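**Q** Sequence and computational prediction follow.
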Amino acid sequence: MPDWLMKIITIKEHIMTKKELFEAVSGILANHGQLETEMGKEIITLVEPKKGGAKVDINDIACFDESGNVTHILDSVLNVWVPVYDENGEANFYEKPDTELGFSRFTRLAEKLRKDAIKKFNATKNAVLNDVLEGNITNEEGKQLLADAETAKTNFELPEDFVYSETKPCE
C-alpha cells in the first residue's frame, strides 16, 4: 500500500472536523501527485464536507414584493402562511441574517405554542406515571392517555387575532 494512502487511512484519528479532514486529505493527495488521479478524485468525493440541511427552493416557502423583500413565510411548525410583520410592524418571525431568507422558518407564536405544548406534555406524562404507579389507572389507560397527549402536543390552536393564510398569498 502506498505511503500516501496509509497517511490518509491513519489521519482520521487526529482530525476533529469534516473540513479539517478534507483539507488534510487534499494536502496529502496533492503532495503525492494523486489529487487529479481517478482514485484521488474518488477519495476527495468521500471526504468532501457536504452542506447541511435540506435543499429548499426559497420561492416554495416565501413570498416577495416587487423590491425582493420577504412579505410572507410558510411557518414550518404551524404549516400556514404568515406575514413577516404584523399590522403594528412587529416581526412575526425571528431574524436570522445569516440565512438566505433572513428570517427563521417558524413564527414567534409557533415557538411559544411548541414550548407550552412540551411543558403540558411533560406535566401530563408525570401525572400519568404517578397515577399508574399509585394504581389509580391501569397501565393500558396510562398508555392511551400518553398517546392522546402526544397527539395534542402537535395540534396547535391558533389565537383568533393571529393573521395567517392556509394558501400561498402570492401567485
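**A** Cool, got the structure.

**Q** State the phi and psi torsions of Trp81.
**A** Main-chain dihedrals, Trp81, degrees, to the nearest 10: phi -90, psi 130.

**Q** Likewise for the one 10 residues further on?
**A** According to degrees, to the nearest 10, the main-chain angles of Ala91 amount to phi -70, psi 130.

**Q** That one pairs with what?
**A** Tyr85 (DSSP bridges).

**Q** what's the following helix or strand after the lowest-mean-pLDDT helix or strand in the chain?
**A** Using mean pLDDT, DSSP states H and E, the weakest-scoring helix or strand in the chain turns out to be helix 3-11, at a mean of 69. Following helix 3-11 in sequence order, the next helix or strand is helix 18-31 (DSSP states H and E).

**Q** Quick one: mean pLDDT for that next one?
**A** Mean pLDDT, helix 18-31: 81.

**Q** model confidence over the next helix-or-strand element following that helix, on average?
**A** Counting by DSSP H and E, the next helix or strand C-terminal to helix 18-31 is helix 38-47. If you average the pLDDT over helix 38-47, you get 84.

**Q** helices or strands next to helix 38-47 in the packing?
**A** If contacts are counted by 3 or more C-beta pairs under 8 Å, 6 or more residues apart in numbering; DSSP states H and E, helix 38-47 sits against helix 18-31. Heads up, the C-betas are built off the backbone N, CA and C, glycines and all.
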